[in-house]
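**Student:** need coordinates for the following:
(one chain, ligands or ions: 2)
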Amino acid sequence: MEFDPKTPQYLTSDEKSFASVSVCDRWPVIITGAIDDLHRTVGDVTDAEKRNEGKEIIEQLAKLKYEVQHNRQLTPLPDDGEPDIEGYNKELEQRGFPTWHNVPWLYSECYLYRRINTLFTRSKHWKDYDVFARQKMSTFKSSRPAVLELAGRYKALALEAEKGPAGKTPEEIEQAERILFAEMCEICLWGNATDLSLLTNLTYEDIQKLQGSEARKAAEKNIIVNDTDAAYDVLRDARKTRKDSERRVDIVLDNAGFELFVDLILAGYLLSANLATTVVLRPKSIPWFVSDVIPKDFTDLLGALADPQAFYTAPDDTGRTYEPLTDRELSEIKFLLDQWSKFHEEGKLILRPHRFWTTPGCYWRLPHVAPDLFEDLKESELVLFKGDLNYRKLTNDAAWDPTTPFTTAIGPLGLKSGIRILSFRTCKADVVVGLPPGEDERLRQTPGGGGDSGARKWAWSGKWAVVSFCDGKA
Ligand code: F6P
Ligand code: MG
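**Tutor:** Ligands and ions are numbered 1, 2, ... in the order given. Below you'll find the model as predicted:
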């Protein structure tokens with residue numbers, strides 16, 4: 001906590017903050033979802049010892065839900081052999097063992113997922129069980145139309161690029177590339193709208209409405225800060241000046257399924273356009289905030305796409321059946337998968353987890369808590385941070401004045417840090433920085449924006465987005 005900024009954080013006791021909605025409404029629903037999932041799995045287990053252990057975990061989850069709903073104190077996490085437990089418990093003590101309805105939102109939400117995780121890691125038979133995996137894969141299945149649309153678009157672009165820029169001036173070529181880069185970034189940004197911790201009961205149709213190119217077009221005007229041009233400039237310049245040396249882009253991942261799919265589209269694009277020579281993907285090490293990527297999600301996604309006909313046409317629990325994919329759709333998915341597999345085999349597309357991402361603190365602590373990771377990120381040309389939670393951690397989930405520059409609000413990762421950052425975030429929490437004067441006030445007056453209630457409701461739903469850049473190498 002000693003490295004955190006002094007600006008106060010959002011608290012679950014603040015009724016005008018989404019923190020309070022989270023603790024009262026969302027977390028009980030999320031824990032119930034975990035109980036349901038485990039119940040289903042335990043029902044099929046024949047080994048008596050494993051079955052009983054599964055039932056005990058269900059009881060522990062129910063107890064946790066009770067504690068959240070009845071505003072009990074947060075209790076120290078039990079040791080599961082991982083070094084981060086000590087940090088969680090030390091911070092809990094420093095914060096005076098607060099209760100669920102009066103605690104910093106960021107700390108308590110991280111604690112919630114880490115606590116759920118200890119129930120599994122401390123067991124004998126359920127150590128690697130991901131209680132959110134079922135949800136992640138079924139949402140990815142619901143993303144079929146957008147996946148097919150993007151696969152088709154990507155193949156068409158790649159074939160066009162192969163033909164080369166006949167008859168165009170260098171300026172025209174650069175302009176076309178800049179536009180394409182911005183489009184890839186937009187795809188990658190709006191992929192963040194399908195986060196499962198926020199959208200707890202989406203229908204198949206709801207998911208599809210959020211994802212297609214129509215939805216993206218309509219949402220263009222909702223990007224209230226958009227620094228993609230600055231990011232393009234640095235990657236283009238690096239290609240010009242250091243054409244033959246390693247130029248790395250890192251993606252600090254957020255959600256699995258469709259968002260991971262679009263992250264891979266962006267990674268594939270950066271490598272094929274030679275805007276990067278290596279892309280390092282950074283997943284979480286444990287199940288986190290429902291839908292965040294863990295390494296197994298990466299394998300599961302590639303596995304699903306390796307046989308898309310089987311994956312997308314398998315009947316689901318409701319008995320609903322699905323149209324088969326056409327030969328053209330199959331070949332477009334195969335094109336993507338072949339490209340990703342090739343990059344992966346050549347060592348250009350790398351997965352690199354780190355336990356730091358699931359510690360409870362903000363990224364102001366990174367240089368002190370995980371100096372190895374800090375140094376590693378400096379090696380990158382550009383570090384992309386995906387999603388809302390990463391943004392909250394970059395800014396300490398603090399109640400900054402919304403006109404505070406992004407470069408100030410990210411503290412030690414800001415100017416002169418040695419790290420270049422581009423943060424893609426659809427707004428799903430109160431914190432927001434880098435806005436022009438008057439913008440927050442204007443958005444509060446939009447329908448559902450909060451009006452004069454004192455709550456920044458416009459920033460809660462994922463409708464608005466910010467893409468913020470900071471050049472820490474300048
Ligand atoms: O605001 C809702 C919420 O679940 C937050 O608790 C959390 O910061 C975020 O959404 C998770 O979203 P993302 O997957 O974009 O990080
Ligand atoms: Mg997430």
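**Student:** enumerate the residues of the stretch 1-150 of the chain near ligand 2.
**Tutor:** Of all the residues in the stretch 1-150 of the chain, not one is in contact range of ligand 2 (C-beta under 5 Å from the ion). No exception for glycine: its C-beta is placed from N, CA and C like everyone else's.
**Student:** which parts of the stretch 1-150 of the chain sit against ligand 1?
**Tutor:** 18, 22, 109 (C-beta under 6 Å from any ligand atom).
**Student:** mind listing the helices for the stretch 1-150 of the chain?
**Tutor:** Ranges of helices in the stretch 1-150 of the chain, per DSSP state H, counting those that start in this stretch, are 18-21, 27-43, 48-69, 84-94, 105-121, 133-142, 144-163.
**Student:** where among those is average confidence lowest?
**Tutor:** Lowest mean pLDDT within the helices of the stretch 1-150 of the chain: helix 144-163, at a mean of 84.
**Student:** from the chain's centroid, how far away is the next helix or strand after that one?
**Tutor:** Following helix 144-163 in sequence order, the next helix or strand is helix 170-190 (DSSP states H and E). When distances are taken as C-alpha atoms, centre = their mean, to the nearest Å, helix 170-190 is centred 22 Å away from the chain's centroid.
**Student:** stretch 363-375: how far from the chain's middle?
**Tutor:** Worked out by C-alpha atoms, centre = their mean, stretch 363-375 lies 20 Å from the chain centre.
**Student:** was I right about Q135 contacting D292?
**Tutor:** No - using C-beta atoms under 8 Å as the test, Q135 is too far from D292 to be in contact (11.9 Å).
**Student:** quick one: which of these two has more around it?
**Tutor:** More crowded of Q135 and D292, by other C-beta atoms under 10 Å: D292, with 29 against 21.
**Student:** partners of the more buried one in the sheet?
**Tutor:** N255 (DSSP bridges).
**Student:** do I have it right that it meets K284?
**Tutor:** Yes - with contact defined as C-beta under 8 Å, D292 counts as touching K284 (4.8 Å).
**Student:** show me what contacts S138?
**Tutor:** D316 (C-beta atoms under 8 Å, 6 or more residues apart in numbering).
**Student:** for it, give its distance to ligand 1.
**Tutor:** 17 Å (C-beta to the nearest ligand atom, to the nearest Å).
**Student:** W190 and E220 touch, don't they?
**Tutor:** No - applying C-beta under 8 Å as the test, W190 and E220 come out as separate, 9.6 Å apart.
**Student:** the more surrounded of these two?
**Tutor:** Neighbour totals were compared for W190 and E220, and W190 leads with 27 against 12 (other C-beta under 10 Å).
**Student:** what's the separation between the more buried one and A19?
**Tutor:** Using C-beta to C-beta, to the nearest Å, W190 is found at 25 Å from A19.
**Student:** check D338 too.
**Tutor:** Taking C-beta to C-beta, one finds D338 at 45 Å from A19.
**Student:** these two: which is more packed in?
**Tutor:** A19 (25 against 10).
**Student:** please name the residues that touch that one.
**Tutor:** 10-12, 105, 429-430.
**Student:** ok, D430 next?
**Tutor:** By C-beta under 8 Å, 6+ apart, the neighbours of D430 are 10, 17-19, 399, 456, 459-460.
**Student:** apart from its neighbours in sequence, what residue is nearest L337?
**Tutor:** Of all residues not flanking L337 in the chain, L305 sits nearest, at 5.0 Å (C-beta to C-beta, 6 or more residues apart in numbering).
**Student:** which stretch of helix or strand covers that neighbour?
**Tutor:** helix 295-306.
**Student:** same deal with P287?
**Tutor:** Going by DSSP H and E, P287 is not in any helix or strand.
**Student:** check the gap between it and ligand 2 for me.
**Tutor:** Plainly put, P287 is 11 Å away from ligand 2 if you go by C-beta to the ion, to the nearest Å.
**Student:** that residue touches Y113, doesn't it?
**Tutor:** Yes - taking C-beta under 8 Å as the definition, P287 is a contact partner of Y113 at 7.1 Å.
**Student:** who has more neighbours out of those two?
**Tutor:** Shown here are P287 and Y113; by other C-beta under 10 Å, P287 has more neighbours (25 against 21).
**Student:** how about the nearest residue to the more buried one once chain neighbours are set aside, what does it touch?
**Tutor:** Closest residue to P287 apart from its sequence neighbours, by C-beta to C-beta, 6+ apart: D130 at 4.7 Å. By C-beta under 8 Å, 6+ apart, D130 lies in contact with 136, 287, 294, 296.
**Student:** any idea which of those is closest to ligand 1?
**Tutor:** The shortest approach to ligand 1 among the contacts of D130 belongs to K136, at 11.7 Å (C-beta to the nearest ligand atom).
**Student:** what is the burial count for the residue nearest to that closest one when sequence neighbours are not counted?
**Tutor:** Excluding the flanking residues, the one nearest K136 by C-beta to C-beta, 6+ apart is A256, at 4.5 Å. Neighbour count of A256, defined by other C-beta under 10 Å: 31.
**Student:** over to the one 10 residues further on?
**Tutor:** L266: 22 surrounding residues under other C-beta under 10 Å.
**Student:** which residues does the closest residue to it other than its chain neighbours contact?
**Tutor:** Counting by C-beta to C-beta, 6+ apart, L266 lies nearest to C188, which is 4.5 Å off, once chain neighbours are set aside. Neighbour list for C188: 262-263, 265-266, 384, 386, 424 [criterion: C-beta under 8 Å, 6+ apart].
**Student:** narrow those to those in helices?
**Tutor:** Members of the contacts of C188 lying in helices (criterion: DSSP state H): 262-263, 265-266.
**Student:** columns distance to ligand 1 on top of the residues you listed, output as JSON lines?
**Tutor:** Formatted as JSON lines, the ones in helices among the contacts of C188 follow (distance: C-beta to the nearest ligand atom, whole Å):
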{"residue": "V262", "distance to ligand 1": "13"}
{"residue": "D263", "distance to ligand 1": "12"}
{"residue": "I265", "distance to ligand 1": "18"}
{"residue": "L266", "distance to ligand 1": "16"}
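**Student:** I'd like to know which of those residues is nearest to E82.
**Tutor:** Nearest to E82, judged by C-beta to C-beta, of the ones in helices among the contacts of C188 is D263 at 26.2 Å.
**Student:** show me the beta-bridge partners of the closest residue to that closest one other than its chain neighbours.
**Tutor:** The shortest distance from D263 to any non-neighbouring residue, by C-beta to C-beta, 6+ apart, is to I251 (5.6 Å). As for beta bridges, I251 partners with L281, L384 under DSSP bridges.
**Student:** count the residues that sit near I251.
**Tutor:** I251 has 26 nearby residues by other C-beta under 10 Å.
**Student:** quick check: it vs E67, distance?
**Tutor:** 35 Å.
**Student:** sorry, back to before: neighbouring contacts of the helix or strand just after the helix holding L305?
**Tutor:** Using DSSP H and E, the helix or strand that directly follows helix 295-306 along the chain is helix 308-313. Contacts to helix 308-313, defined as C-beta under 8 Å, 6+ apart, come from residues 141, 144, 304-305, 321-325, 329-330, 333.
**Student:** which one of the residues you listed sits in the busiest neighbourhood?
**Tutor:** I333 (25 neighbours).
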